[in-house]
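>>> Sequence first, predicted model second:
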Amino acid sequence: MKEIGIYVHIPYCMRKCYYCDFISFANKSETIPNYIETILKEIDECKYTGFDIGTIYIGGGTPSYIDSTYIHKIIDKIREKFIVSRNAEITVEVNPGTVNKEKLEEYKRAGVNRLSIGLQSTDNHILKNIGRIHTYEEFLDTYNLAREVGFKNINVDFMIGLPEETEDGIILQINEIINLKPEHISVYSLIVEDGTKMKQMIDTGEKELPSEEEERKMYWKVKKLLESNGYEHYEISNFSLPGFNSRHNMDCWSQKEYLGFGTAAHSYYNGKRFSNKNSIEEYINNYQEKNIEEEQTREAMAKEYMLLGLRKINGVVISEFERKFQINPLFYFRFEISKLVDEDLIEIDLDNIKLTKKGLDLANQVWQEFV
């Protein structure tokens, strides 16, 4: 049977970070028991079957904010409803300041074998400036506890382009993370989203961001340092030691199917994209109702395949595209590809269509050709 993934959304946070525009909420803890019961119902009543589950990703929000027994119940319900592969990758997102040894031990008993820890910065002043609830020291406590409990696959989230960040500071920070030897490091550039506190602070002049040129220099210095320390750059924002690519994310970038459970969770199945209600209360009251966002045509599916595939450093594999769509992408997208090659944004290397160095900096321009 084919493998698909499962995503479970836990929309609770102790406090919203200033840059966050995800569907997440503070001060709604009283709804947690009903919310978890609704997720369990949604999983139990899922009508899609006939596959194995290769990855489970529990994200948020802050999954580690809620009681760990809830996480255990969700994973048990997934195992009860579906066939979970023996070597499935099971990830839980964790934030320092919301987790202790007991929670981590409960995750381990539930079968969680990968943690994604939200650090963002090793500089306590910067952490405070972006609304994080923890210090670097609390992150270190969480990281060391995870190792003590026995987790051997840990991702650390790190952000560049934050207010008051400098190139020298970034080098110091990424070296601190490298010295911890996590298996995976995600490096995200700050995107200032409308409606966030960060947007308000930037607009009023309370905070100032590094220039775009400075942010790009940070990115390339981080990339060089990570690669020189054995990390493979396998997707625009992601680096891993050999054998530790995020399987869940790689499946999404390869247009593989997944089912989403919980508030605002998205699913992709049989060429259809659908999602749940965006508010906790609406989801609890009407979890069966889905928002049908898209029923893809063959052309839309092919365009999306290119867009997602060009996030990967190795790009789109031409022979895999041919197997999936029964046509060569160099012919199907000959006008788009010709334009992007002429602009030195992509290159064709044997069986791959991939971003150039310039394309890594201007990836949004590349993806726009396939929207």
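The structure has been received and is ready for your questions.
>>> Now do the strands in the stretch 251-371 of the chain.
In the stretch 251-371 of the chain, the strands defined using DSSP state E, counting those that start in this stretch lie at 258-261, 266-269, 272-275, 291-295, 316-317, 346-349, 352-355.
>>> Pick the most deeply packed of the ones you listed.
Mean neighbour count (mean count of other CB atoms under 10 Å) peaks for strand 258-261 among the strands of the stretch 251-371 of the chain, with a mean of 23. For the C-beta atoms, the positions are set from N, CA and C on the backbone; glycine is no exception.
>>> now what about that one, what contacts it?
Residues outside strand 258-261 that contact it (CB atoms under 8 Å, 6 or more residues apart in numbering) are 4-9, 39, 42-43, 46, 48, 55, 251-252, 266-269, 275-276.
>>> do the same with stretch 101-115
The contact list for stretch 101-115 (CB under 8 Å, 6+ apart) reads 64, 68-69, 71-72, 75-76, 79, 88-94, 145-146, 148-155, 246.
>>> State which helix of the protein is the longest.
For the chain, the helix with the greatest residue count under DSSP state H is helix 212-228.
>>> Need the mean per-residue confidence for that one.
Taken as a whole, helix 212-228 has a mean pLDDT of 97.
>>> Tell me which residues are up against that helix.
With CB under 8 Å, 6+ apart as the test, helix 212-228 has contacts from 158, 160-161, 165-167, 170-171, 174-175, 178, 185, 187, 189, 209-210, 233, 239, 361.
>>> Tell me which helix or strand comes right after it.
Downstream of helix 212-228, the first helix or strand assigned by DSSP states H and E is strand 232-235.
>>> I'd guessed Ser24 sits against Arg15; true?
No - taking CB atoms under 8 Å as the definition, Ser24 is not a contact partner of Arg15, at 10.1 Å.
>>> Between these two, point out the one with more neighbours.
Set Ser24 next to Arg15 and count neighbours by other CB atoms under 10 Å: Ser24 wins out with 22 against 14.
>>> From Val192, how far off is that one?
Distance, Ser24 to Val192, using CB to CB, to the nearest Å: 17 Å.
>>> swap in Ile133?
The gap separating Ile133 from Val192 is 20 Å, by CB to CB.
>>> domain parsing for the protein?
3-252, 298-371 (automatic domain parsing).
>>> centre of the chain versus the first one, how much separation?
In this view, domain 3-252 has its centroid 7 Å away from the chain centroid, taken as CA atoms, centre = their mean, to the nearest Å.
>>> Thanks a lot, see you next time.
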